[in-house]
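**Student:** I'd like to go over a predicted model; first the sequence, then the structure.
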Amino acid sequence: MKLNRFASIPVCGVLTLMGFVYYITIFIFIEDWVGLATSAGTLNALIFTLMASLSLFSFVASVLTDPGYVPPSAAPDVEAAAVLDPKTHKDSSQLRQCEKCSRYKPPRAHHCRVCRVCVLRMDHHCLWINNCVGHWNYKAFIVLIFYATAASIYSTVVIMNSSSHKDWDFAGVLPFKIFYIISGTMMAGLSITLSTLLGWHIYLITRNMTTIEYHEGTRAAWLAKKSGQIYRHPFNINIYANISSVPLSLSLARCKPHIAPTVYILILLSECSILAPAPLRRFGSEHAKMVLSHCSQLPERWNELSYLTSELIQFTGSVR
């Protein structure tokens, strides 16, 4: 069951940290700063409660959402292979098969050694959500980082204002000073860490790549430089197209393995509609050339995707 993902020390630690930060921010620092009974205190408490609630909801969604596991039956038939890539149809060996789980491995999919299954557009396996970050839960993960960053910065500002306005001239002040220093340092460090992580993923989004693809591209660029060539990530078009291609909108349908049209659309999205590769360039690895060749039939694929999408909508409507 997906709820078993919460039975993890890191996940429980994140939930505990969220509760602790919420409590000290609302009931200690805002109370000491302006008082919860005042209009300013109520407003600050409501704003932080909203941020904390959105962070919690996004965290739960990141944990529970299927990242995009490739089903065992996910393999294009002969006709589909011919539509996706005529070269692949002629030489079926070009269809990638995972060496670890022996399943069809769509382009941009990677095998997770923790989950022991291939994941569509896998970014990484996140210890803190006890789940992979992939095609379907990437939006929830990005939203989680965004709201957690905003909440952390807000809490840091509250702590700074509370400490600057607090009257420290009373007996037994040392423990309170230590608590303020520890809390402020913790929240400042958390804000910097989350801001860095958010900035990193914004960088990846603007280049239409995952963390895994970034590290693979680093090696490919090094090999290309040695051979006097120039490597560019094959899916990097321009900022607008890259942002539009990343699965940050609501998905068409939360796929179930037994719904064949949905599964096929997932595979099609995974291998070609994370938009087209960049125009033909000189690549530093045979893998990059293969990806470019595999995605060269973009117009036909988009037509097929549109057709399958309309069929899926009719299919789901008839089921209801």
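**Tutor:** Structure received.
**Student:** surely Cys118 is in a helix?
**Tutor:** No: the assignment for Cys118 is strand, going by DSSP: H, G, I helix; E, B strand; the rest coil, so no helix is present there.
**Student:** tell me where the model's unsure across the stretch 101-250 of the chain.
**Tutor:** Counting by pLDDT under 70, the low-confidence segments of the stretch 101-250 of the chain come to 247-250.
**Student:** so which bits of the longest helix anywhere in the chain are buried?
**Tutor:** Longest helix of the chain, by residue count under DSSP state H: helix 174-206. For helix 174-206, burial by neighbour count (16 or more other CB atoms under 10 Å) applies to 180, 183-184, 186-188, 190-191, 194-195, 198, 201, 204-205. In this view, the C-beta of every residue, glycine as well, is placed from N, C-alpha and C.
**Student:** quick one: neighbours of Ser102, just the number.
**Tutor:** Burial measure for Ser102: 9 neighbouring residues, criterion other CB atoms under 10 Å.
**Student:** can you tell me the helix or strand for it?
**Tutor:** Here Ser102, judged by DSSP states H and E, is contained in no helix and no strand.
**Student:** for it, give its distance to His135.
**Tutor:** Ser102 sits 21 Å away from His135, taking CB to CB, to the nearest Å as the criterion.
**Student:** one more: Val158?
**Tutor:** 37 Å.
**Student:** and for Leu56?
**Tutor:** 23 Å.
**Student:** neighbour count: those two, which is higher?
**Tutor:** Here Leu56 and His135 are compared on neighbour count by other CB under 10 Å; more neighbours surround His135, at 26 against 19.
**Student:** helices along the stretch 101-250 of the chain, start to end?
**Tutor:** Listed in chain order, the helices of the stretch 101-250 of the chain (DSSP state H, counting those that start in this stretch) span 138-165, 174-206, 211-226, 239-245.
**Student:** buried sites along the shortest one?
**Tutor:** Put plainly, it is helix 239-245. Asn242, Ser245.
**Student:** list the contacts of the closest residue to Leu197 other than its chain neighbours.
**Tutor:** In space, Leu197 comes closest to Ile145 once its chain neighbours are excluded; the distance is 5.6 Å by CB to CB, 6 or more residues apart in numbering. Contact analysis of Ile145 by CB atoms under 8 Å, 6 or more residues apart in numbering lists Leu194, Leu197, Leu198, His201.
**Student:** any idea how far Ile153 is from the third one?
**Tutor:** When CB to CB is applied, the distance between Leu198 and Ile153 equals 11 Å.
**Student:** the first one now?
**Tutor:** In this structure, Leu194 lies at 8 Å from Ile153, with CB to CB as the measure.
**Student:** identify the residues contacting Leu190.
**Tutor:** Taking CB under 8 Å, 6+ apart as the contact definition, Leu190 lies against Ser152.
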